[in-house]
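*Asks:* pasting a predicted model and its sequence here:
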Amino acid sequence: MRLNRLRLAAVLLGVASIASAQSPPDAGWPTYGNDSGGTRYSPLTQIDRANVARLRVAWTYRTGALQPETPLNRKAAFESTPILVEGTLFLSTQFNQVIALDARAGARRWAYDPAIDRTRSYSEVTSRGVSAWRDVKAGPGQPCALRIFAATLDARLIALDGDTGRPCPDFGASGQVDLTRGVDLRDLGQYQVTSAPVIAGDVVITGSSIGDNRAVDVERGIVRGFDVRTGALRWSWDPIPWASQTTPRTGGGNAWSTLSVDVDRGLVFVPTGSASPDHFGGMRRGDNKWANSVVALRVATGELVWGFQVVHHDLWDYDVSAQPTLFTWKDGTPAVAIATKMGRIFVLNRLTGAPLIPIEERAVPASDVPGEDASPTQPFSGISLIPERLGADDAWGATPEDRAWCREKIAASRSEGIFTPPSLRGTIVFPGLVGGVNWGSGAYDPQRHLLVVNTNRLAFHLRLIPREKLAEEAARANQAGGVRAELAEQRGTRYGMAQAPLLAPGGQPCNAPPWGTVAAVDLFTGTIRWDVPLGSMVPGVPTGTPNLGGPIVTAGGLVFTAAAMDGRLRAFDSETGKELWAFELPAGGQATPMTYSLDGKQYLVIAAGGHGKIGTKLGDYVLAFTLP
């Protein structure tokens, strides 16, 4: 009998060992970029190249966020990436509702609605995610031991109990902090937070999203650190302190994208945008540090450690919109990769800001606009992902008529390559303001030292308008419908501004496809490993499309991304870029997916709710996929 029991135990042990070998260890996705350094990398291998084509929908959840219907829905963008903490998925909707879901079945555990005023106009209508913090000093059952932090369209920072969704009463005023204080608020609805706050130790840190091109003196783009327990302000950092000396005072320089944290070294890495307004800098002379930069700050104090500016005196809306990617360089040096709207990637020493891949200051075209003093040089990196020049001879069109129209439009404009300044006759801005690489950021594969990014390849036409002619231009734009165009006052300067994607009458871009790609760069060598079209604007033709959203990479040898305008979630081979799987989502997939494992089962999750500004199908879906 004892022998039989031993045999049974051995059999059970063998079965358990086999199951352990076949099932991945549980792995979460605890922050927006999975880790605090924003690598968007998962060690999971259950879903791999051989079986990814078998993925199926495990569950679907609908948030109901677009109800009641209001005109704001036309701007709404469901860009959220859920996080997985202690077996629960937490996410935010377009209107800042925070929802907790059972990660196995997609059932709602709780929901919190901050009651955003939908009668107000907002520059952006989106939220990319939330953050979580566990109080290790809390006793059993203590409320708010797990805190979920969310920031809102109307500029509130809110702390919620992770178990119940109720506001934490000891944080700020009844669970929230008013972020409009101290920023010189100019226009309600134009000062917001659209990205998830970051947490380092017991400090929660947030930047802001500020409506572009309204005026010179828009809100101050300060970055602030708050105590996670009380909401008390720990520190505030102003990226452009020189702005207080300009007349009128310049604003912006804000950090609207996601910040990264080096927990071990107590550093937070902040990507900043341009000083205001974007396209005329006559009131903000000089290089405008630390706008258009990545800076390293002390988490404890907000003290500046170092900064690197990717664009001097920005005139093109080349914000640093991607989250800085923290990784280890080939000799063990702590490093940071900065992906930019220009399609360039800068690789720096994380401790000092010194280049690890050479950077060269090169001469660029001068401005011909009275009152403007463009920077004579700009930094050029050894890694460049997309074309940087569009001449008349490069004009593309689906028909001879479209091609001729594009050629004439380009020939009539200034188009002298990247960093051609805005002009009165019109300038071709290529890459355009959507990128290069936008907020979707990069995903870093440490096994292959590859940074994977989605790129945009869409030219814009931009023209400065003397203020006395702005009303006439506005009337003409209204009569024509102003489709896809922006007409901005840039109050406080002598010029307004008009810009739009450079599209032929037939509706397609004037530059040759691909118009969007997913690309992999070897960060150790600076070489592009592969670069393939992402999506299609013509059925059956791999044209690529403009895209918003980012990729993730897994140890299973896969890159997952949606983002393109054709509404599909895709899987690519991380070695070759070959597309291995695609799924048509019920609404636009302008969000970054995430993956996790529970009970030995790997899930892939994405928010599918479309993007009002770029015209993809709107919705309110969260979908999870698994293997059968």
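*Replies:* Arrived safely, thanks for sending. Numbering: from 1, shown residues only.
*Asks:* all the strands of the stretch 351-500 of the chain, in order from the start?
*Replies:* Remark: strands assigned in the stretch 351-500 of the chain by DSSP state E, counting those that start in this stretch are 359-363, 377-381, 383-384, 427-429, 442-445, 450-456, 460-466, 486-488, 495-501.
*Asks:* can you add mean neighbour count and give those back as TSV?
*Replies:* Heads up, the C-betas are built off the backbone N, CA and C, glycines and all. Output for these, formatted as TSV (neighbours: other C-beta atoms under 10 Å):
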stretch	mean neighbour count
strand 359-363	12
strand 377-381	18
strand 383-384	20
strand 427-429	27
strand 442-445	28
strand 450-456	27
strand 460-466	21
strand 486-488	18
strand 495-501	22
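*Asks:* out of these, nearest to residue 145?
*Replies:* Nearest to residue 145 among the strands of the stretch 351-500 of the chain is strand 442-445 (31.5 Å), distances taken as C-beta to C-beta.
*Asks:* elements contacting the closest one?
*Replies:* Packing partners of strand 442-445 (3 or more C-beta pairs under 8 Å, 6 or more residues apart in numbering; DSSP states H and E): strand 41-42, strand 325-328, strand 334-339, strand 450-456, strand 552-554.
*Asks:* partners of the shortest one, with directions?
*Replies:* The reference is to strand 41-42. For strand 41-42, the paired strands and their directions (DSSP bridges) read strand 552-554 (parallel).
*Asks:* same deal with the second one?
*Replies:* As defined by DSSP bridges, the strand partners of strand 325-328 come to strand 334-339 (antiparallel).
*Asks:* downstream of the partner strand, the next helix or strand is which one?
*Replies:* Using DSSP states H and E, the helix or strand that follows strand 334-339 in sequence is strand 344-349.
*Asks:* ok, the nearest residue to residue 313 once chain neighbours are set aside to residue 368 distance?
*Replies:* In space, residue 313 comes closest to residue 375 once its chain neighbours are excluded; the distance is 4.3 Å by C-beta to C-beta, 6 or more residues apart in numbering. To residue 368, residue 375 is 15 Å away according to C-beta to C-beta, to the nearest Å.
*Asks:* secondary structure class for residue 617?
*Replies:* Three-state call for residue 617 (DSSP: H, G, I helix; E, B strand; the rest coil): coil.
*Asks:* list phi and psi for it.
*Replies:* Main-chain dihedrals, residue 617, degrees, to the nearest 10: phi -60, psi 130.
*Asks:* do residue 53 as well
*Replies:* Dihedral angles (degrees, to the nearest 10) for residue 53: phi -70, psi -10.
*Asks:* which of the three states applies to the closest residue to it other than its chain neighbours?
*Replies:* Nearest non-adjacent residue to residue 53, counting by C-beta to C-beta, 6+ apart: residue 581, 4.9 Å away. Here residue 581 is recorded as strand under three-state DSSP.
*Asks:* residue 581 bridge partners, please.
*Replies:* According to DSSP bridges, the partner residues bridging residue 581 are residue 571.
*Asks:* hang on, the earlier thing: would you turn the helices and strands packed on strand 442-445 into TSV with distance to residue 439 and mean pLDDT?
*Replies:* Below are the helices and strands packed on strand 442-445 laid out as TSV (distance: least, C-beta to C-beta, whole Å; pLDDT from 0 to 100):
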stretch	distance to residue 439	mean pLDDT
strand 41-42	18	98
strand 325-328	13	98
strand 334-339	10	98
strand 450-456	10	98
strand 552-554	14	98
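*Asks:* can you lay out these as a markdown table showing distance to residue 541?
*Replies:* Below are those laid out as a markdown table (distance: least, C-beta to C-beta, whole Å):
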| stretch | distance to residue 541 |
| --- | --- |
| strand 41-42 | 32 |
| strand 325-328 | 32 |
| strand 334-339 | 27 |
| strand 450-456 | 18 |
| strand 552-554 | 27 |
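*Asks:* and of those strands, who's closest to residue 88?
*Replies:* Using C-beta to C-beta as the measure, strand 41-42 is the one of those that comes nearest residue 88, at 18.0 Å.
*Asks:* picking up where we left off before, I'd like the strands of the stretch 351-500 of the chain as CSV, with distance to residue 395 appended.
*Replies:* As requested, those are arranged in CSV below (distance: least, C-beta to C-beta, whole Å):
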stretch, distance to residue 395
strand 359-363, 26
strand 377-381, 25
strand 383-384, 22
strand 427-429, 10
strand 442-445, 31
strand 450-456, 19
strand 460-466, 13
strand 486-488, 23
strand 495-501, 15
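*Asks:* where among those strands is the average confidence lowest?
*Replies:* Here the lowest mean pLDDT among these goes to strand 486-488, at a mean of 92.
*Asks:* what is it packed up against?
*Replies:* The contact analysis (3+ C-beta pairs under 8 Å, 6+ apart) places strand 486-488 against helix 470-480, strand 495-501.
*Asks:* partners of it in the sheet?
*Replies:* Sheet pairing for strand 486-488, using DSSP bridges, gives strand 495-501 (antiparallel).
*Asks:* what's in contact with the partner strand?
*Replies:* 213, 277-280, 369, 422, 429, 432-433, 458-467, 470, 473, 477, 484-490, 509 (C-beta atoms under 8 Å, 6 or more residues apart in numbering).
*Asks:* mind listing what's buried in the following helix or strand past that strand?
*Replies:* As assigned by DSSP H and E, the chain's next helix or strand after strand 495-501 is strand 516-522. Judged by neighbour count using 16 or more other C-beta atoms under 10 Å, the buried positions of strand 516-522 are 516-521.
*Asks:* just stretch 74-81 next, same as before
*Replies:* By neighbour count on 16+ other C-beta under 10 Å, the buried set for stretch 74-81 is 75-81.
*Asks:* which of those fall in strands?
*Replies:* Judged by DSSP state E, strands contain the following of the buried residues of stretch 74-81: 76-77.
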